[in-house]
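Peer 1: What follows is a predicted protein model with its sequence.
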Protein chains: 2
Amino acid sequence: MAQESSQVAPRYLTGDKAGLREFLDKFDVFLFDCDGVLWSGDHLFPGTVETLELLRNNGKQVVFVTNNSTKSRADYRKKLEGLGIPSTVEEIFSSSYSASIYISRILQLPENKRKVYVIGETGIEQELRSENVPFIGGTDPAYRRDITPEDYKTIAAGDESILDPEVGVVLVGLDFHMNYLKIALAYHYVKRGAIFLATNIDSTLPNSGTLFPGAGSMSAPLIMMLNQEPVALGKPSQAMMDSIEGKFKFDRSRTCMVGDRVNTDIRFGREGNLGGTLGVLTGVSSKEEFVSGDVRPHAYLDKLSDLLGSQ
Amino acid sequence: MAQESSQVAPRYLTGDKAGLREFLDKFDVFLFDCDGVLWSGDHLFPGTVETLELLRNNGKQVVFVTNNSTKSRADYRKKLEGLGIPSTVEEIFSSSYSASIYISRILQLPENKRKVYVIGETGIEQELRSENVPFIGGTDPAYRRDITPEDYKTIAAGDESILDPEVGVVLVGLDFHMNYLKIALAYHYVKRGAIFLATNIDSTLPNSGTLFPGAGSMSAPLIMMLNQEPVALGKPSQAMMDSIEGKFKFDRSRTCMVGDRVNTDIRFGREGNLGGTLGVLTGVSSKEEFVSGDVRPHAYLDKLSDLLGSQ
């Protein structure tokens, strides 16, 4: 299939049985954004389970792609299960897993600089452990405290009691326990040469129908202090696409990204030169954005379960 | 005196007795940046006390201008005293005082929107009290806690138990106890219509010879989430110059700003159309920046105490 321009008007497939069949036949792999596509908050959209079943029954590989770094893949599978969606850990690809793969398999860290200083929750820690990456920080209670007058001196002196000389990477994800000390330490690690990574840079996190600080808000103070952007490992960063490809060895031309947001999901698929991108109108982006925005999906649906209309 | 261009090479006055006398005679008021000019960290520069004495003996008004929002003017006077510098509270102008004056005398808040939600330390609280501005947040231990599942719901619902309907201003300063909950609340207050102010937006704070997160780093997550800059009340914001002028009723053409940083102090004086700006080489900016940078002082010295050479 020739690469279509992202400026071409997308095809509207709801109710178009022949169009849906033709579209589905083009792909072997479907990458799914989750919130806004499969469910919203705690509400599973009707037909989600049946649609995934249809795809699997037709031999399609299904991958759940999430920027949520606070949960491990195992935690996320439990969340899917809780919502009634059958899945395996292997079908799940999170930004914390993406970051762990990037650190363990892509970064060539010197022998004595292999430790990661983590700002984030348990999901990141579990995925780093799964790749045998040593780390400090994270949920360690020793970092959940106020900065002290002594800290300023030991940090300024580069004292090994507070700044581990083996840290070669700072990885920042969503941390519900962020504080002044954690930011100060991350700043000094990067100033001393550590690589600055972020699981993702979403500025906000949807919850209870409104928005709360996202992982990008944890990186924001460091970006300002360092005048430096982190390498982000979540959507729409192509570092995440490379990690997914590295794991699933798929043919990009026969892979489709499904999502509700043009600036993350659709952009992620477009910039990754996937064969297809499919927008759904059950989340953030509007029909107008899909039809005439800067980044447009190849096709769109009112809702994911409209794929059942191909039967 | 005609307004000189900030692109003219500054006059080097160290050792130039006639030049020093001529320069001093042009001004009635001297605004002083402190750290890097009068002292560095806990180290008072030799001759600071004598130089201030010389100016006062010659009838000059001295004003200490600081972006430090964590201390009240009374606290700051104690700091000056501890370093051996005689001063009065009236001679001190801090960003927290500047913010308090801006809120109480310049903003026209509706009767039912007069409360300030504070992210910051006791210095801000003391100065708000001095201007009879009601506030919540700040050092209140009720805000020094983790966010709970219940918080997401009450915040999303706009419940008055957690979002005070009388809050009309969010004021963000340096807060050594910043946390996720405080940022979430500030975000929701602004989304509900509150004015977004910052005591200052310095990204870093010097301490122990190195840098730590500054007040700007506290605003950074909000700036990213809201895609909106705060009105800043510290140098180089002219809102601070207007506040200083409102208090001291000085003649700008006969006022000189003394500082070590071109991008804050010298810019502050230049943009405020002061008669003079005087750079000193005991802080951040270099001779090269003074002589050929984008923003240049009218004159510069190796160190402040070189003013004693006018005698």
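Peer 2: Everything's here; your move. Numbering: from 1, shown residues only, chains lettered A, B, ... in the order given.

Peer 1: Now do the strands in the stretch 51-200 of chain A.
Peer 2: A:61-66, A:92-94, A:115-119, A:135-137, A:167-172, A:195-198 (DSSP state E, counting those that start in this stretch).

Peer 1: Mind checking these for the one nearest to B:P149?
Peer 2: Set against B:P149 and scored by Cβ to Cβ, those come closest in strand A:61-66, at 19.9 Å. Placement of C-beta: from N, CA and C, glycine included.

Peer 1: Report all helices and strands that the closest one contacts.
Peer 2: In terms of contacts (3 or more Cβ pairs under 8 Å, 6 or more residues apart in numbering or on different chains; DSSP states H and E), strand A:61-66 is packed against strand A:29-32, helix A:48-57, helix A:73-82, strand A:92-94, helix A:238-248.

Peer 1: Can you lay out those as JSON lines showing mean pLDDT, mean neighbour count and distance to chain B?
Peer 2: Formatted as JSON lines, those follow (pLDDT from 0 to 100; neighbours: other Cβ atoms under 10 Å in any protein chain shown; distance: least, Cβ to the nearest Cβ, whole Å):
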{"stretch": "strand A:29-32", "mean pLDDT": "98", "mean neighbour count": "24", "distance to chain B": "25"}
{"stretch": "helix A:48-57", "mean pLDDT": "97", "mean neighbour count": "16", "distance to chain B": "24"}
{"stretch": "helix A:73-82", "mean pLDDT": "95", "mean neighbour count": "17", "distance to chain B": "15"}
{"stretch": "strand A:92-94", "mean pLDDT": "96", "mean neighbour count": "24", "distance to chain B": "20"}
{"stretch": "helix A:238-248", "mean pLDDT": "90", "mean neighbour count": "18", "distance to chain B": "20"}
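
Peer 1: What distance do you get for the spatially most central residue of chain A to B:L171?
Peer 2: Geometric centre of chain A, nearest residue: A:N67, 2.4 Å, by Cα atoms, centre = their mean. The gap separating A:N67 from B:L171 is 32 Å, by Cβ to Cβ, to the nearest Å.

Peer 1: count of residues packed around the residue of the stretch 51-200 of chain A found nearest chain B?
Peer 2: Residue nearest to chain B within the stretch 51-200 of chain A (Cβ to the nearest Cβ): A:A156, separated by 3.8 Å. The number of residues packed near A:A156 is 16, by other Cβ atoms under 10 Å in any protein chain shown.

Peer 1: Read off the pLDDT value for the closest residue in space to it that isn't next to it in sequence.
Peer 2: Counting by Cβ to Cβ, 6 or more residues apart in numbering or on different chains, A:A156 lies nearest to B:S208, which is 3.8 Å off, once chain neighbours are set aside. We note a pLDDT of 86 for B:S208 in this prediction.

Peer 1: for A:A2, same thing?
Peer 2: 38.

Peer 1: cool, the one 3 residues further on as well?
Peer 2: Per-residue pLDDT puts A:S5 at 58.

Peer 1: now A:G272
Peer 2: For A:G272, the predicted pLDDT is 97.

Peer 1: And A:R105, by the same measure?
Peer 2: Per the predicted model, pLDDT is 87 at A:R105.

Peer 1: That one: how many residues sit nearby?
Peer 2: 12.

Peer 1: List the residues that contact the closest residue to A:Q126 other than its chain neighbours.
Peer 2: The shortest distance from A:Q126 to any non-neighbouring residue, by Cβ to Cβ, 6+ apart, is to A:S72 (3.6 Å). When contacts are counted by Cβ atoms under 8 Å, 6 or more residues apart in numbering or on different chains, A:S72 touches A:94, A:96-97, A:122-123, A:126-127, A:130.

Peer 1: can you list the residues you listed in CSV and add distance to A:Y143?
Peer 2: CSV is the format used below for these (distance: Cβ to Cβ, whole Å):
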residue, distance to A:Y143
A:S94, 22
A:S96, 18
A:Y97, 23
A:T122, 14
A:G123, 17
A:Q126, 18
A:E127, 19
A:S130, 22
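
Peer 1: Most neighbours among those residues, which one is it?
Peer 2: Counting neighbours by other Cβ under 10 Å, A:S96 leads those with 36 neighbours.

Peer 1: I'd guessed it sits against A:T122; true?
Peer 2: No. At 9.4 Å, A:S96 does not count as touching A:T122 under the criterion of Cβ atoms under 8 Å.

Peer 1: Show me the common contact partners of those two, please.
Peer 2: Both A:S96 and A:T122 are in contact with A:70, A:72, where contact means Cβ under 8 Å, 6+ apart.

Peer 1: A:Y187: how many residues sit nearby?
Peer 2: 24.

Peer 1: Leaving out chain neighbours, which residue sits closest to it?
Peer 2: A:M225 (5.3 Å).

Peer 1: My read is that that neighbour contacts B:A215, right?
Peer 2: No. A:M225 lies out of contact with B:A215 (Cβ under 8 Å); the separation is 11.6 Å.

Peer 1: Among these two, which residue is more densely surrounded?
Peer 2: It is B:A215, of A:M225 and B:A215, that has more neighbours when counted by other Cβ under 10 Å, with 29 against 25.
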